[in-house]
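> can't give you the sequence, but here's the structure:
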């Protein structure tokens, strides 16, 4: 059998395989197993299900998504730069039109993701654009069966001045954040979850090890988040799923401090409450 990309029909995780017998994301304690058993899709089967779109945001950033929702249904962020673009996280799949738009915008020089929940079809971006660097924190390497990591790193990696990958762990052992100091954005992976209404307005924020299972972080994991994030300045966070202007360093730290004051728990703290406390 040929070695080809397969996507889990349940969570959308891609692996290059002869014929998968299981999905490491679904089998992990943070996720549920598919109720109807394993079902894996070839690339052509995924392609015929989805249409792609993108939107230009402020601060020279483009968000790539697909519809209808597929798997975890993350967003691929493209950060435009005159010396080469950075792609962080990935959409579930990239249609020819999406790939052509990335090519028109200058391709990809640096490619990275926070952890496996944000990988999406990162393998496509590597295959098509052959980025100079594909960076993943070393503790997440076991999940990279669909693409080749060219720069595994330990606690930090500077992609360019103003763009640094930082290992935070917690939600996943190898979870990392990307801090873009020039844009004042923290691409936080699943270190934080931002609740938003239908208009995209942020209403509450939480932190967790497993959101759907309501498993909280341990106190030591929260303290490590705080140690890494406390020294960063940002006024916006981007998760694999949300673009959330107004989530500042101070708000993020307040969420972590709430965890450290009380017993571990997944608490959705209203943003109005956090702003009033400041």
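Arrived safely, thanks for sending. None of the values given here were measured: they were computed from a predicted structure. Residues are numbered from 1 along each chain as shown.
> Now for the chain: which helix has the highest residue count?
helix 249-261 (DSSP state H).
> buried set for that helix?
Neighbour counts using 16 or more other Cβ atoms under 10 Å place 249, 251, 252, 254, 255, 256, 258, 259 of helix 249-261 among the buried residues. Bear in mind the C-beta positions are built from the backbone N, C-alpha and C, glycine included.
> Next, the residue lying closest to the last one once chain neighbours are set aside: phi, psi?
Of all residues beyond its chain neighbours, the one nearest residue 259 is residue 222 (4.6 Å), with distances taken as Cβ to Cβ, 6 or more residues apart in numbering. Note on residue 222: backbone dihedrals following degrees, to the nearest 10 are phi -60, psi -40.
> if we can go back for a sec, ok, the buried residues of helix 249-261 vs residue 125, which is closest?
Checking the buried residues of helix 249-261 against residue 125 by Cβ to Cβ gives residue 252 as the nearest, at 27.9 Å.
> now the closest one, nearest residue through space, not along the chain?
Here the residue nearest residue 252, using Cβ to Cβ, 6+ apart, is residue 229, at 5.8 Å.
> Quickly note the distance from the one you found to residue 176.
Distance of residue 229 to residue 176, computed by Cβ to Cβ, to the nearest Å: 12 Å.
> again with residue 66
The gap separating residue 66 from residue 176 is 24 Å, by Cβ to Cβ.
> Between those two, which has more neighbouring residues?
Between residue 66 and residue 176, residue 176 has the larger neighbour count (other Cβ atoms under 10 Å), namely 31 against 26.
> ok, which stretches of this structure are helices?
24-27, 43-47, 96-104, 122-129, 219-229, 249-261, 271-277.
> Which strands and helices lie in contact with the last one?
Counting contacts by 3 or more Cβ pairs under 8 Å, 6 or more residues apart in numbering; DSSP states H and E, helix 271-277 packs against strand 202-206, helix 249-261.
> In that helix, which residues are buried?
Going by neighbour count (16+ other Cβ under 10 Å), the buried part of helix 271-277 is 271, 274.
> now that helix: mean pLDDT?
The average pLDDT for helix 271-277 rounds to 79.
> Give me the residues contacting that helix.
202, 203, 204, 205, 246, 247, 251, 254, 255 (Cβ atoms under 8 Å, 6 or more residues apart in numbering).
> For the third one, the count of nearby residues, please.
By that I understand residue 204. 17.
> cool, and the fifth one?
Neighbour count for residue 246, taken as other Cβ under 10 Å: 13.
> I'd like to know the average pLDDT value across stretch 153-161.
For stretch 153-161, the mean pLDDT works out to 98.
> returning to that earlier point: report the contact partners of the residue nearest to residue 259.
Contact analysis of residue 222 by Cβ under 8 Å, 6+ apart lists 170, 207, 256, 259, 260.
> between those residues, which is closest to residue 151?
residue 170 (22.0 Å).
> Excluding sequence neighbours, find me the nearest residue to the closest one.
residue 221 (4.2 Å).
> for residue 74, same thing?
residue 240 (3.8 Å).
> And the one you found, how far from residue 218?
According to Cβ to Cβ, residue 240 stands 22 Å off from residue 218.
> repeat for residue 230
Taking Cβ to Cβ, one finds residue 230 at 18 Å from residue 218.
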